[in-house]
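Chemist: give me coordinates for this.
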Amino acid sequence: MSVAGFLAHSALAAARDQSRTAATERDVLTELFAMRRQLGWAGSNLNQVAKALNSGGDAPYLKEALADIHRAAHAAKKAVDRVTNRQEGKAA
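Modeler: As a prediction, the model looks like this:
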């Protein structure tokens, strides 16, 4: 699933969940959009690393780019867990 598709799916799920408070919904949506920004930055950095390496250059910022990707992946997992846990609680 694409990032945009995930965000759309999550937003629709949040809109259908009547048990959420406005503050909780705002927190989840804020986290999802922050995750999207982090993934965009991480993807951009990784593309720059790939371009440098493919052209025979060096990528001295490889560690930083990988750290960005790990942070973005962690944020994505955290956001997915929050959405999933709410949906499981609703079904129980």
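
Chemist: what is the least confident helix or strand in the chain?
Modeler: helix 3-16 (a mean of 70; mean pLDDT, DSSP states H and E).

Chemist: in this protein, which spans are helices?
Modeler: With DSSP state H as the criterion, the chain has helices at 3-16, 22-54, 62-91.

Chemist: in JSON lines: these, plus mean neighbour count.
Modeler: Bear in mind the C-beta positions are built from the backbone N, C-alpha and C, glycine included. Output for the helices of the chain, formatted as JSON lines (neighbours: other Cβ atoms under 10 Å):
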{"stretch": "helix 3-16", "mean neighbour count": "14"}
{"stretch": "helix 22-54", "mean neighbour count": "15"}
{"stretch": "helix 62-91", "mean neighbour count": "14"}
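
Chemist: would you single out the least confident of those helices?
Modeler: Of all those, mean pLDDT reaches its minimum on helix 3-16 (a mean of 70).

Chemist: and for the protein, the residue most distant from the center?
Modeler: Largest separation from the mean C-alpha position in the chain: G56, at 31.0 Å (Cα atoms, centre = their mean).

Chemist: leaving out sequence neighbours, find the closest residue to R82.
Modeler: The shortest distance from R82 to any non-neighbouring residue, by Cβ to Cβ, 6 or more residues apart in numbering, is to V28 (5.8 Å).

Chemist: T84 is in contact with that neighbour, correct?
Modeler: No - if you go by Cβ atoms under 8 Å, V28 and T84 don't touch, sitting 11.3 Å apart.

Chemist: distance of K77 relative to S2?
Modeler: 17 Å (Cβ to Cβ, to the nearest Å).

Chemist: ok, M35 - contacts?
Modeler: With contact taken as Cβ atoms under 8 Å, 6 or more residues apart in numbering, M35 is in contact with A72, A75, A76, K78, A79.
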